[in-house]
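K.L.:
here is a sequence together with a model predicted from it:
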Amino acid sequence: MKSTSEVCACPCGGPPSKFSKSEISRFFFNLSVHWRNWWNRKTARAYKNLTKAMRDDELYAMSWKANIQMPIYDMTRGKLTLRETEAIADRLMKHLFGVDKKP
């Protein structure tokens with residue numbers, strides 16, 4: 001237990017802190033993360049609504065998958081088949097939006 005005669009290491013000479021430096025730095029890091037999350041709350045809400053819409057509506061998810069698949073197919077200029085680009089689009093849909101339906 002710390003004695004009451006200990007003083008703070010800072011120039012104020014006040015009582016010692018009951019929190020360690022790592023606890024204080026972790027607190028401020030978490031605070032900055034919460035601030036960034038709060039600042040981007042509208043984007044997070046939009047992403048949540050988009051993923052929910054894709055999970056609920058199979059045709060909507062299929063339209064997104066097609067819009068992901070076709071630029072990949074076009075840019076490969078015939079090096080990949082439609083089935084291969086569809087597999088890539090399926091994987092991206094699962095990774096980005098959590099949609100595992102294969103319409």
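P.N.:
Yep, it's here.
K.L.:
so where's this structure shaky on pLDDT?
P.N.:
1-17, 37, 39, 101-103 (pLDDT under 70).
K.L.:
how about a cut-off of 50?
P.N.:
Scanning the chain with the threshold set as pLDDT under 50 gives 1, 4-5, 7, 103.
K.L.:
in it, which residue is closest to the centre?
P.N.:
By Cα atoms, centre = their mean, the chain has its centre lying nearest to Ala44, at 8.8 Å.
K.L.:
tell me which other helices or strands the host helix or strand of it touches.
P.N.:
Using DSSP states H and E, Ala44 sits in helix 41-56. Packed against helix 41-56 by the contact rule (3 or more Cβ pairs under 8 Å, 6 or more residues apart in numbering; DSSP states H and E) you find helix 58-76, helix 82-97. Every C-beta, even on glycine, is put in place using the N, C-alpha and C of the backbone.
K.L.:
give the buried residues for that helix.
P.N.:
Using 16 or more other Cβ atoms under 10 Å as the test for burial, helix 41-56 gives Met54.
K.L.:
same deal with stretch 63-82?
P.N.:
Within stretch 63-82, the residues that count as buried by 16+ other Cβ under 10 Å are 64-65, 68-69, 73.
K.L.:
dump the residues you listed to JSON lines, plus distance to Glu86.
P.N.:
Below are the buried residues of stretch 63-82 laid out as JSON lines (distance: Cβ to Cβ, whole Å):
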{"residue": "Trp64", "distance to Glu86": "13"}
{"residue": "Lys65", "distance to Glu86": "8"}
{"residue": "Ile68", "distance to Glu86": "10"}
{"residue": "Gln69", "distance to Glu86": "6"}
{"residue": "Tyr73", "distance to Glu86": "9"}
